[in-house]
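Q: Sequence first, then the predicted structure, then my questions.
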Amino acid sequence: MGESDEQRANRRAISQWLTRQVNDVSANSINKSIRKLVLQALENINSRFKEFKQETLQKKYHIKAKQPLLNFYIKGGNAFKVAMGEGGVGDSDWDTQVVLDPWSPAPIQDALYGGVEDIIFDEFRKTGLEIAKVNAAGTSASGAITLMPKASGAVTLTSNASGSIILNAGGSFEKYIQCVWLQDNKEQKVVKGKDFSNYRLTLDNPQTVHKIFDHDKVGLWLSEQSPLNEKHAKKISELIPSMIFNDNIKPFVLYRQGYTWHLELESGKQAVGINSPVSIKKPILMELIDVTIPRQNMVEGVEVWEAIYPNQGNQVKMVVKEEGVTVGDLTVQLPFPDIEYHLREQLTMLCEVADGSSRHQDKMGRRFKRLDDIYTKFTGKQNEFEKIIAEHVGVSNINDGLPASGAITIETALYSILDINIKDDEKGLFNFISPDKVNPTQKAYRLGVQMMNIVTKDVEKCKNNFVNGQLRDEVKEKIMKGRNDKLNHFLLQWGVNLVWSDDLVLVDFLVENDYLKVNEVGLCGIDYAVMGRVKNYSALMNEINKIVNLVKESVVHGWSMKYRTYNTIRDNGLSYECTFVLFKDKKAHTLLTLTTANEQEVSLSHSAENIPPAPFAEIARQRKMAASLIEDYIVRTALSKQYEACKEIIKVI
């Protein structure tokens, strides 16, 4: 039986609390030492990735030095603090990501994944042992933990002869956490409005190495868990943090280091302040480091790579550069993304709330607060930020219809998604997120709500594309009109044979297959999508130049374009492709993919009287590429959903 919503929410809240206890350097001297070890590990990982690329990959595979191959950067709350000029020493774990070149040949891909994994696990093992030594030395020497002044009111404390603040924890890291656990529960600081003091929180002994394998790779549902047992550190082995490798998460591979705990209601005691006793069977994480790798066959992997290393003059959306982070006497150089990356992160998470897909509505206030912090601090970039917000929802100007001052009106549908009673919320959305001290008169708040309103209205509109699970006739007619639209006939001027790859074709495929709910897969909202063949790579480059020049001439009429060249592994080698997205007044209007694949590899032949559909796998690839090029949240999400649906039916590489 899976977790209930209440169990999941409580486990996550307790995990966040535990994570703060080990990461807050203002709490005690041990945390400060652990933070140094974690920072050193991250710097080592970054340095070893560079060395691996230069000394192993480039030499072994004769790769050109200009090929980036991989990019490692810090993300999350600590990275946000650095981008805001506040330093990177918060009280959260370190979230990081490695993006690998999704277009590199298969042997290089394998070498990338293998080398990256070896480096991460090696650094985790070394760091885990050093953290265990710090915890053992810090808690056993005097039977007490030295606390920083900020934490002096957190627990029952005494002072020693030298005046240092200490906590009698019986020489145990576990008992120290348990002591703070009881105190914070009395003040309802762990889970808001709830008291878990009758629950016993215990550190797992032994900590483990847990590997969860990808079913598609090994052909089995395989999970392997073994105790951590360092030969030369048996006395402190229970203090070595766990290592988790999860290769079975759809969007990415996850590597995590941190302690695991369990929670049980103590015998004979009753749960306090909650609806019913909550049994949390799953381990509760005290996180130190997360490393994620977006998968090559997922939209996210292509999208992030395109943001950092855009193709053919597309805009760079994410700049990563190294910054210094200092804790005590240690300063390390770590890679951090720019402020525009963090702006887009907040926008995406607010959009996820607006379309009802977010599982973290409770964090919406924090997202608004960060949006306001970014907008307010970087006053010289506000015009650029507003353009990014507009592009995020596919409009020309996000200020159109925005009140000059005061709180903005909230769409009724958005209240429904958030499950807020309109009558109980006279101040609008602000009342829902007021604990996070968001000011409803601030322009950033109003821009954020304007964006969410647009998303919600688009979602409601998309629901009307189907009736009783079937595509509406008027929607079919609209797509057919798009096929015949004179504005699109310039695509037929090159003499390239084109086949349809639009929503009508995709829906027909899904209906024929008869396994997926077509109305839940939905439409992408781009009425015109085609695919064609060119003879070879040289011909492909010529056609690209033609299209680029044609769109340049049409800029005055509101047209713009993004495109990406790439290659696809076929049975007999590689084919070369280019996918174009044409925009009309900032909204995605047309998809076009050109390929050098021959007729045996991709069937595109047809007569003048009968234009056939593109092959199903090619439609899937087009959707993935288009999603990585489009900023508009609604369209990008719809394309991603269609791509995932295609992968439910056939394997797409």
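A: Sure, I can see it.
Q: Flag the helix or strand of the protein with the lowest per-element mean pLDDT.
A: Within the chain, no helix or strand scores below strand 158-159, which has a mean of 38 by mean pLDDT, DSSP states H and E.
Q: Can you tell me the closest non-neighbouring residue to the most centrally placed residue in the chain?
A: The residue lying closest to the centre of the chain (Cα atoms, centre = their mean) is Glu300, at 7.7 Å. Excluding the flanking residues, the one nearest Glu300 by Cβ to Cβ, 6 or more residues apart in numbering is Pro294, at 4.3 Å. Yep, even glycine has a C-beta here, placed from its N, CA and C like the rest.
Q: again, but for Asp184
A: Val190 (5.2 Å).
Q: mind checking the SS state of that neighbour?
A: coil (DSSP: H, G, I helix; E, B strand; the rest coil).
Q: now swap in Lys363 and tell me
A: helix.
Q: sorry, back to before: list the contacts of the residue nearest to Asp184.
A: Shown in contact with Val190 (Cβ atoms under 8 Å, 6 or more residues apart in numbering): 13-14, 17, 181, 184, 196.
Q: which of these tops the neighbour count?
A: Within the contacts of Val190, neighbour counts (other Cβ atoms under 10 Å) peak at Phe196, which reaches 26 neighbours.
Q: Is it correct that that residue is in contact with Ala13?
A: No. Judged on Cβ atoms under 8 Å, Phe196 makes no contact with Ala13 at a distance of 9.4 Å.
Q: where are the low-confidence patches of the stretch 51-200 of the chain?
A: Low-confidence segments of the stretch 51-200 of the chain (pLDDT under 70): 88, 138-171, 192-193.
Q: follow-up on the earlier one: that's a helix at the residue nearest to the centre of the chain, yeah?
A: Yes. Counting by three-state DSSP, Glu300 is found in a helix.
Q: which outside residues touch stretch 12-21?
A: Here stretch 12-21 makes contact (Cβ under 8 Å, 6+ apart) with 27, 31, 91-93, 177, 180, 184, 189-192, 196, 201, 258-259, 261, 263, 280, 284-287.
Q: Report the secondary structure element holding the closest residue to Leu343 other than its chain neighbours.
A: Closest residue to Leu343 apart from its sequence neighbours, by Cβ to Cβ, 6+ apart: Ile374 at 5.3 Å. Using DSSP states H and E, Ile374 falls within helix 364-377.
Q: For the following helix or strand past that helix, buried residues please.
A: As assigned by DSSP H and E, the chain's next helix or strand after helix 364-377 is helix 382-392. Neighbour-count burial for helix 382-392, with 16 or more other Cβ atoms under 10 Å as criterion, is recorded at 385-386, 388-392.
Q: of those, closest to His210?
A: Ranked by distance to His210 (Cβ to Cβ), those are led by His392 at 36.9 Å.
Q: residues contacting that closest one?
A: Listed by Cβ under 8 Å, 6+ apart, the contact partners of His392 are 344, 347-348, 351, 451, 631-633.
Q: Count the residues that sit near His557.
A: His557 has 9 neighbouring residues, counting by other Cβ under 10 Å.
Q: so what's Ser33 closest to, chain neighbours aside?
A: Of all residues not flanking Ser33 in the chain, Val134 sits nearest, at 4.6 Å (Cβ to Cβ, 6+ apart).
Q: Am I right that that neighbour falls within a strand?
A: No. Counting by three-state DSSP, Val134 falls outside a strand, being helix.
Q: so it makes contact with Leu37?
A: Yes. Here Val134 reaches Leu37: they are 6.9 Å apart, a contact under Cβ under 8 Å.
Q: Which residue ranges of the stretch 1-150 of the chain form helices?
A: With DSSP state H, counting those that start in this stretch as the criterion, the stretch 1-150 of the chain has helices at 5-23, 29-51, 58-60, 76-83, 106-140.
Q: With respect to Leu516, which of those helices lies nearest?
A: Going by Cβ to Cβ, the one of the helices of the stretch 1-150 of the chain nearest Leu516 is helix 5-23, 26.0 Å.
Q: from the chain's centre, how far out does the helix or strand where Asn519 lies sit?
A: Element membership for Asn519, per DSSP H and E: helix 518-521. Chain-centre distance of helix 518-521: 24 Å, with Cα atoms, centre = their mean, to the nearest Å.
Q: again with stretch 383-400
A: In this view, stretch 383-400 has its centroid 22 Å away from the chain centroid, taken as Cα atoms, centre = their mean.
Q: mind checking the end-to-end distance for it?
A: End-to-end distance for stretch 383-400, by Cα to Cα, to the nearest Å: 14 Å.
Q: Tyr576 is nearest to which of the helices of the stretch 1-150 of the chain?
A: Nearest of the helices of the stretch 1-150 of the chain (Cβ to Cβ): helix 106-140, 15.9 Å.
Q: what packs against that closest one?
A: Counting contacts by 3 or more Cβ pairs under 8 Å, 6 or more residues apart in numbering; DSSP states H and E, helix 106-140 packs against helix 29-51, strand 94-100, strand 144-146, helix 173-186, strand 242-246, strand 252-265, strand 284-294.
Q: List the buried residues for the fourth one?
A: For helix 173-186, the buried set under the neighbour-count rule, 16+ other Cβ under 10 Å, comprises 173-181, 183-185.
Q: JSON lines for those residues, including distance to Arg533?
A: Below are those laid out as JSON lines (distance: Cβ to Cβ, whole Å):
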{"residue": "Phe173", "distance to Arg533": "64"}
{"residue": "Glu174", "distance to Arg533": "65"}
{"residue": "Lys175", "distance to Arg533": "70"}
{"residue": "Tyr176", "distance to Arg533": "67"}
{"residue": "Ile177", "distance to Arg533": "63"}
{"residue": "Gln178", "distance to Arg533": "67"}
{"residue": "Cys179", "distance to Arg533": "70"}
{"residue": "Val180", "distance to Arg533": "66"}
{"residue": "Trp181", "distance to Arg533": "65"}
{"residue": "Gln183", "distance to Arg533": "70"}
{"residue": "Asp184", "distance to Arg533": "65"}
{"residue": "Asn185", "distance to Arg533": "66"}
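Q: Pick the one among those residues closest to Leu330.
A: Of all these, Phe173 has the smallest distance to Leu330: 21.7 Å, by Cβ to Cβ.
Q: Apart from its chain neighbours, what residue comes closest to the closest one?
A: Of all residues beyond its chain neighbours, the one nearest Phe173 is Asn135 (4.7 Å), with distances taken as Cβ to Cβ, 6+ apart.
Q: what about the stretch 201-350 of the chain, any weak spots by pLDDT?
A: Applying pLDDT under 70 to the stretch 201-350 of the chain flags the ranges 213-235, 270-279, 313.
Q: again, 90 this time
A: Confidence mapping of the stretch 201-350 of the chain against pLDDT under 90 gives the ranges 201, 205-240, 244-253, 263-283, 294-301, 310-316, 327-328.
Q: Do a quick rundown of the helices in it.
A: 215-218, 299-308, 339-354.
Q: Out of those, flag the one nearest Pro615.
A: helix 299-308 (19.6 Å).
Q: any idea how far that closest one is from the chain center?
A: On Cα atoms, centre = their mean, the centre of helix 299-308 falls 11 Å from the chain's centre.
Q: Which residues does that helix contact?
A: For helix 299-308, contacts defined as Cβ under 8 Å, 6+ apart pick out 68, 71, 97, 99-103, 251-252, 294-296, 314, 316-320, 341, 564, 624-625, 627-629, 636, 639-640, 643.
Q: Any quick PyMOL command for the buried ones out of these?
A: Buried subset of the contacts of helix 299-308, written as a PyMOL selection, criterion 16+ other Cβ under 10 Å:
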select buried, resi 71+97+99+100+101+102+103+252+294+295+296+317+318+320+341+564+624+625+627+628+629+636+639+640+643
